[in-house]
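Undergrad: Just a sequence and a predicted model for now, questions to come.
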Amino acid sequence: MTSTRATRGHHITVEPGTVHVRAVHDGQVLAESRRPLVLRETGCPDRYYLPPEDVRTELLTPSETTTHCPFKGDASYWSVPGAADLVWAYPEPKAEVAAIKGHFCFYETAVVPD
């Protein structure tokens, strides 16, 4: 599965990742996955979108924050104590990046050496 979108010099690709990633806040593991999706977007760092089964959603509190990206759609956010809006997802992403639907993305996700 690879999806690509290019608009006026702006490119987005989504493809299965081959790395082990972990999201940690204040020493607590919030998510860990060996099957992330990697979203690469012009002008942005690579982002790992993790399947919900690999995220400790019970530790996340829904936020009222939403944002709009003209290339991906509308994002919803979640917080943890001491870190507002640390996590986001696109519940209904644009068709070109549909693979990220329901996956969670963290601002700080580290690749874990195997």
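TA: Cool, got the structure.
Undergrad: which residues in the protein form strands?
TA: Remark: strands assigned in the chain by DSSP state E are 3-7, 10-16, 20-25, 28-33, 37-41, 47-50, 61-69, 73-80, 83-89, 104-106, 110-112.
Undergrad: Make CSV out of those and add mean pLDDT and mean neighbour count.
TA: Glycine gets a C-beta too; all of them are placed from N, C-alpha and C. Below are these laid out as CSV (pLDDT from 0 to 100; neighbours: other C-beta atoms under 10 Å):
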stretch, mean pLDDT, mean neighbour count
strand 3-7, 56, 13
strand 10-16, 94, 16
strand 20-25, 95, 18
strand 28-33, 96, 19
strand 37-41, 96, 19
strand 47-50, 97, 22
strand 61-69, 97, 12
strand 73-80, 97, 18
strand 83-89, 96, 18
strand 104-106, 97, 24
strand 110-112, 86, 12
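Undergrad: For residue 98, find the nearest of the ones you listed.
TA: strand 3-7 (7.0 Å; C-beta to C-beta).
Undergrad: related to what we said a few turns ago, possible to save the strands of the chain as TSV with distance to residue 96?
TA: Formatted as TSV, the strands of the chain follow (distance: least, C-beta to C-beta, whole Å):
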stretch	distance to residue 96
strand 3-7	4
strand 10-16	7
strand 20-25	23
strand 28-33	23
strand 37-41	11
strand 47-50	14
strand 61-69	12
strand 73-80	10
strand 83-89	17
strand 104-106	17
strand 110-112	26
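Undergrad: measure the residue lying closest to residue 82 once chain neighbours are set aside to residue 56 for me?
TA: In space, and not counting its chain neighbours, residue 82 is closest to residue 26: 6.3 Å by C-beta to C-beta, 6 or more residues apart in numbering. To residue 56, residue 26 is 13 Å away according to C-beta to C-beta, to the nearest Å.
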